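Asks: just a sequence and a predicted model for now, questions to come.
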Amino acid sequence: MYPNLDQQEIVFVHKLSSGEPRARSRALKKLHSFLKESSESQSLNSETYTNLSKGLHYAMWMQDKPLLQEELAENIASLIDDFETTSEAASFVSCFIVSLSKEWHLVDRWRMDKFLMMLRVFIRKVFVTMATAEWSPEVVEPLMEALTETLISPTSRVVDSLKTHFASVYWDELGQCENVTEDVAHTFLDRYLAVLAENRTSDLYFRSICDEVFESLVRTVSRELEDGEEDEEYDEMTRVLRLDNPIPLDLDKVRKTLFEIGAKPTVNSRRRKRLYTLSKKFGAIIKGKNPVARPVEPPKGSGVDKGMVINAADKLKSIEARLKKDRQKFKTEMKVIKKQKKAEELAHIEKIMAIAKKKASSRKSANKFKPGAIKRKTGHHRTPTVPKKSKSN
């Protein structure tokens, strides 16, 4: 049944997808021990990760209780800690995400939320692992490469639904980590800037990155500027950004990069307009201005002339009366048209019936004078007997 799996992997896949909660729980506990031992002996490969990820997928599939779903998601994410090397953990992360994408077309709308929650918890654990290692390049680069190849790259095999979900939780989960430096933040952001410059990026994915990654930064600053002065200094703006958003960024660098991407001749006009708009918003942030336009409010104390209100009401009434009259006229005309059309159809049917009747009568009269046209009645009948003549003596 599973020709490419060894006996131990087959047992894990069966137990993790079991209908019994206790069997799934015991299998997950044993899986932690299995990964630790196998990682020490370096006997794991991508095929093993893929098969185990499928079992983990159906372990979540079989769990219906919300609180237990969150606990299970945390337990699955903690498997990352069982690997001895970062390269093994990165390989597991990549295989887990690809496996989730392969099964995504089978996920119905009732189970979709819990799988998106599981992905979010899994991504959070990846970020926490990086933060625990104090953002060491030896840890960040392999894990970030795994995320880029699956959830960020526009040419990956992962479905767009998971990519857009990852973009929507990207800054939220990264912002919860500690000691995020400016270099680390740009390491993450530069991956999405490269996607915006890629022509193979779909329109849906392009809009999602603009809305969920870059517009979220703009909205963060806008909320802080609503109650402040518009001509604040740049240093004050940086302070505000770091208070509300713990991810420090060189906003001028972001602005220039967005403008340079939009200026490329390979970018179409719709995307160029969107990139220039984002660049202008970041430029406004640098100058201390609110990049989000406020709704225009009428000045206080400005009254409206009562006569203008009466005239507008009279005009509206006359328009409504004229529209009502036009509707009545239209209904009357439609009734006349329907009657005429019905009469024409009846006349056409009568004409066809008259022609058919005439043809039938002419055919009958023509057959009347043909030999053998009148058939004898079928059935039993007596042959008339001729009386014999008596012999004369």
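Replies: Noted; the coordinates are in hand.
Asks: grab the longest helix from the protein for me.
Replies: The longest helix of the chain (DSSP state H) is helix 306-368.
Asks: where does the chain dip in pLDDT?
Replies: 1-6, 223-246, 293-304, 366-393 (pLDDT under 70).
Asks: can you tell me the SS state at the residue nearest the centre of it?
Replies: For the chain, the residue nearest the mean C-alpha position is S161 (5.0 Å; C-alpha atoms, centre = their mean). With DSSP: H, G, I helix; E, B strand; the rest coil as the basis, S161 sits in helix.
Asks: could you do N290 as well?
Replies: Secondary structure, three-state DSSP: N290 is coil.
Asks: can you get me a residue count around it?
Replies: For N290, the count of nearby residues is 18 (other C-beta atoms under 10 Å). The C-beta positions use only the backbone N, C-alpha and C, and glycine is treated the same way.
Asks: what's the spacing between it and K256?
Replies: Remark: distance between N290 and K256 (C-beta to C-beta, to the nearest Å) = 21 Å.
Asks: equivalent analysis for L16, please.
Replies: 49 Å.
Asks: likewise for R274?
Replies: 16 Å.
Asks: neighbour count winner among the two?
Replies: A direct count of neighbours by other C-beta under 10 Å for R274 and K256 places R274 higher, at 19 against 14.
Asks: next one: phi and psi at the more buried one?
Replies: phi -70, psi -40 (degrees, to the nearest 10).
Asks: what does A263 give?
Replies: When read as degrees, to the nearest 10, the backbone of A263 gives phi -80, psi -10.
Asks: so what's it closest to, chain neighbours aside?
Replies: Closest residue in space to A263, ignoring its immediate chain neighbours: R272 at 7.7 Å, by C-beta to C-beta, 6 or more residues apart in numbering.
Asks: check which helix or strand that neighbour maps to.
Replies: Applying DSSP states H and E as the criterion places R272 in helix 269-286.
Asks: which strands and helices sit next to that helix?
Replies: Counting contacts by 3 or more C-beta pairs under 8 Å, 6 or more residues apart in numbering; DSSP states H and E, helix 269-286 packs against helix 203-209, helix 215-225, helix 234-244, helix 251-262.
Asks: and the closest residue to S18 other than its chain neighbours, how far from C210?
Replies: Nearest residue to S18, sequence neighbours excluded (C-beta to C-beta, 6+ apart): R24, at 5.5 Å. To C210, R24 is 40 Å away according to C-beta to C-beta.
Asks: now swap in A23 and tell me
Replies: Separation of A23 from C210 (C-beta to C-beta) stands at 46 Å.
Asks: now the element after the helix or strand hosting N51, going C-ward?
Replies: Assigned by DSSP H and E, N51 belongs to helix 46-62. Once helix 46-62 ends, the next helix or strand along the chain (criterion: DSSP H and E) is helix 66-77.
Asks: tell me which strands and helices whatever helix or strand comes next after that following helix is in contact with?
Replies: Counting by DSSP H and E, the next helix or strand C-terminal to helix 66-77 is helix 86-102. The contact analysis (3+ C-beta pairs under 8 Å, 6+ apart) places helix 86-102 against helix 46-62, helix 112-132, helix 137-147, helix 160-175.
Asks: and these as TSV, adding distance to L196?
Replies: Below are those laid out as TSV (distance: least, C-beta to C-beta, whole Å):
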stretch	distance to L196
helix 46-62	30
helix 112-132	21
helix 137-147	17
helix 160-175	11
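Asks: quick one on the thing from earlier: how far off helix 46-62 does the helix or strand harbouring the residue nearest to S18 point, in degrees?
Replies: Assigned by DSSP H and E, R24 belongs to helix 21-41. Taking axes from the mean of the first three to the mean of the last three C-alpha atoms, to 10 degrees, one finds helix 21-41 and helix 46-62 inclined to each other by 160 degrees.
Asks: list the buried residues of helix 21-41.
Replies: Buried residues in helix 21-41, counted by 16 or more other C-beta atoms under 10 Å: A23, R24, S25, A27, L28, L31, F34, L35, S38, S39.
Asks: nearest to L151, of those residues?
Replies: Distance to L151 across the buried residues of helix 21-41 (C-beta to C-beta) is lowest for L35, with 22.3 Å.
Asks: got a list of what the closest residue to that closest one other than its chain neighbours touches?
Replies: Nearest residue to L35 in three dimensions, chain neighbours excluded: D82, at 4.0 Å (C-beta to C-beta, 6+ apart). Applying C-beta atoms under 8 Å, 6 or more residues apart in numbering to D82 gives the contacts H32, L35, K36, S39.
Asks: what residues does the third one make contact with?
Replies: K36 makes contacts with D82, as judged by C-beta under 8 Å, 6+ apart.
Asks: how close does it sit to E88?
Replies: Taking C-beta to C-beta, one finds K36 at 11 Å from E88.
Asks: then K125?
Replies: The gap separating K125 from E88 is 15 Å, by C-beta to C-beta.
Asks: re earlier: redo the contacts of D82 as a markdown table? Include distance to V218.
Replies: Below are the contacts of D82 laid out as a markdown table (distance: C-beta to C-beta, whole Å):
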| residue | distance to V218 |
| --- | --- |
| H32 | 42 |
| L35 | 42 |
| K36 | 45 |
| S39 | 43 |
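Asks: closest one of those to K351?
Replies: Distances from K351 to these, taken by C-beta to C-beta, are shortest for L35, at 86.9 Å.
Asks: I'd assumed F83 was in contact with that closest one.
Replies: Yes - L35 is within contact range of F83, at 6.7 Å (criterion: C-beta atoms under 8 Å).
Asks: OK, contacts around the residue lying closest to I247 once chain neighbours are set aside?
Replies: In this structure, I247 finds its nearest non-sequential neighbour in A185, 4.9 Å apart by C-beta to C-beta, 6+ apart. Listed by C-beta under 8 Å, 6+ apart, the contact partners of A185 are L174, I247, P248, L249.
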